[in-house]
Structure formats: structure tokens, C-alpha cells
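Visitor: Task: produce atomic coordinates for the following.
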Amino acid sequence: MRFACAVLFLVLTQSANAQQQGSTITLSCNGVSKFMVASAADLKPDPITNLGVIVNAGNRTVSFLDNVIPITTLTPTMVGFSSQYAKGRPTISGGIDRVTGSAEFDWMYENIGNNTHWDLTCRPAARLF
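Guide: Numbers count the residues shown, from 1 in each chain. Now for the predicted structure:
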């Protein structure tokens with residue numbers, strides 16, 4: 001009987017761990033960053049390469065660089081996020097299409113000349129080890 005209880009405990013624990021791991025995905029995103037307030041001639045996009053983005057559905061957060069942003073929308077096809085930071089930090093909002101991997105991030109500053117739009121394509125990142 002004890003053996004059966006121990007086996008049942010291990011199965012349930014592994015199942016819970018598998019569910020928890022399934023709620024987090026690490027993405028590698030590539031694309032461009034553009035200032036939002038500039039003439040068309042001045043818009044020279046800066047490349048964004050291998051940006052690591054962690055989507056944690058369990059904690060309802062999207063993390064990248066040094067930012068942890070609350071998820072505001074989570075559907076089978078879309079992850080939306082938005083946050084307002086204090087002390088001169090920008091408002092960061094955006095969305096990731098869960099089917100195509102297309103993503104858009106907007107950085108809104110008090111000085112609107114610094115507002116930036118990121119247009120990205122994301123894929124699940126392969127683990128190195």
C-alpha cells in the first residue's frame with residue numbers, strides 16, 4: 001500500500017511539474033525598431049536580433065531585457081501585455097500572435113520624440129543545455 005501511495009504521489013508531482021513547465025515559453029525574436037515620431041525619410045529601422053522573450057502564462061507576465069510586464073489579454077491566439085512604469089520609465093505595451101509569432105512592442109515615453117515601435121517575428125527558442 002505504501003508503495004502504491006508513493007508511486008501515485010510521484011505521478012501527480014510530475015504531472016504538476018509538466019503543467020507548470022508548459023505554461024512558460026522562451027522565444028527568440030528578430031525584427032526592427034523604429035521611432036514613431038519622425039518623417040518618413042528619417043525612419044531608418046534599427047535591427048533587433050535574437051531578443052529573448054519569456055511568456056509565463058502561469059504568472060501572467062511577459063519578460064524581456066530588464067522588463068517584467070503584466071499580461072492583460074491571454075487567448076488561444078493572442079498574448080497582450082501592458083504596463084505603466086514610474087520614475088521616468090516608459091509605458092510598454094504590445095502583443096504576440098501565438099499562431100504566427102508576429103509581435104509588436106510599443107515604448108511610450110513622456111517625451112514623445114523617444115516613442116518607439118518594435119515589429120518582430122518570434123519563434124520558440126532552442127535550449128542550449
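Visitor: Quick check: residue 36 vs residue 49, distance?
Guide: Distance of residue 36 to residue 49, computed by CB to CB, to the nearest Å: 21 Å. In this view, the C-beta of every residue, glycine as well, is placed from N, C-alpha and C.
Visitor: higher neighbour count, those two?
Guide: Neighbour count, other CB atoms under 10 Å: between residue 36 and residue 49, residue 36 has more, with 15 against 8.
Visitor: which residue ranges form the helices in this structure?
Guide: 2-22 (DSSP state H).
Visitor: which residues does residue 79 contact?
Guide: With contacts defined as CB atoms under 8 Å, 6 or more residues apart in numbering, residue 79 is in contact with 55, 57, 62, 71, 73, 95-96, 98.
Visitor: so can I have TSV of the residues you listed showing pLDDT?
Guide: Putting the contacts of residue 79 into TSV (pLDDT from 0 to 100) gives the following:
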residue	pLDDT
55	98
57	97
62	98
71	98
73	97
95	99
96	99
98	97
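Visitor: Of those residues, which belong to strands?
Guide: Applying DSSP state E to those, the entries found in strands are 55, 62, 71, 73, 95-96.
Visitor: quick one: which of these has the most company?
Guide: Using other CB under 10 Å as the neighbour test, the ones in strands among the contacts of residue 79 are led by residue 62, with 28 neighbours.
Visitor: hang on, isn't that one packed against residue 71?
Guide: Yes. Judged on CB atoms under 8 Å, residue 62 makes contact with residue 71 at a distance of 6.1 Å.
Visitor: Between the two, which contacts overlap?
Guide: Counting by CB under 8 Å, 6+ apart, the residues touching both residue 62 and residue 71 are 55, 79, 81.
Visitor: Can you name the residues that contact the first one?
Guide: With CB under 8 Å, 6+ apart as the criterion, the residues that contact residue 55 are 24-25, 27, 61-62, 71, 79, 96.
Visitor: related to what we said a few turns ago, which of the contacts of residue 79 sits closest to residue 113?
Guide: Nearest to residue 113 among these: residue 95, at 24.1 Å, using CB to CB.
Visitor: Now that closest one: closest residue in space, sequence neighbours ignored.
Guide: residue 80 (4.6 Å; CB to CB, 6 or more residues apart in numbering).
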